[in-house]
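Q: how would this look folded up:
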Amino acid sequence: MKPSRPATGSRLVYSSDAGRLCPECGQPKGTCRCGARRALAPPPGPVRVGRETQGRGGKGVTVVTGLGLAPAALEELARALKQRCGSGGRVVDGRIEIQGEHRDTLVAELGKRGIEAKRAGG
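A: Predicted coordinates for the structure are as follows:
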């Protein structure tokens, strides 16, 4: 028996190999290039750039919250911000954490990218 094919004009939206697929390019959602471009639109709410030390043994990290970007776009932005600051960091729960005190640098860099950001905290 032949495997069934989708009717012409229909699109595959889920694959057991890769999970959900992008409706525009057909790539997996995590590696979708067109989704990353769409996700660089201005975020819906305020973007805050603050500093945290809790749970890090007194070491401070600069945290960017409220971006509302797709995971692929968030990773791409985090990579660019880490390079700009010259330090390490990571993406956790939709937030970007950059090691060290870089609030002013990050607010300026996000402003250059068209994202209005505010410095949070003292």
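Q: Only C-alpha atoms from now on, for both contacts and neighbour counts.
A: Will do.
Q: and the nearest residue to residue 59 once chain neighbours are set aside, what is it in contact with?
A: Nearest residue to residue 59 in three dimensions, chain neighbours excluded: residue 53, at 5.6 Å (Cα to Cα, 6 or more residues apart in numbering). Shown in contact with residue 53 (Cα atoms under 8 Å, 6 or more residues apart in numbering): 59-61.
Q: go again using 10 Å as the cut-off
A: By Cα atoms under 10 Å, 6 or more residues apart in numbering, the contact set of residue 53 is 59-62, 100.
Q: of the residues you listed, closest to residue 26?
A: residue 62 (35.8 Å; Cα to Cα).
Q: Next SSE downstream of the longest helix along the chain?
A: Counting residues, the longest helix in the chain under DSSP state H turns out to be helix 71-85. Using DSSP states H and E, the next helix or strand after helix 71-85 towards the C-terminus is strand 89-92.
Q: tell me what that next one is packed against?
A: strand 61-65, helix 71-85, strand 95-99 (3 or more Cα pairs under 10 Å, 6 or more residues apart in numbering; DSSP states H and E).
Q: How about residues contacting stretch 94-103?
A: Residues from elsewhere that reach stretch 94-103, judged by Cα under 10 Å, 6+ apart: 48-53, 59-71, 74-75, 77-79, 81-82, 84-91, 106, 109, 118-121.
Q: And the residue nearest to residue 59, its phi and psi?
A: Main-chain torsions, residue 53, degrees, to the nearest 10: phi -130, psi -10.
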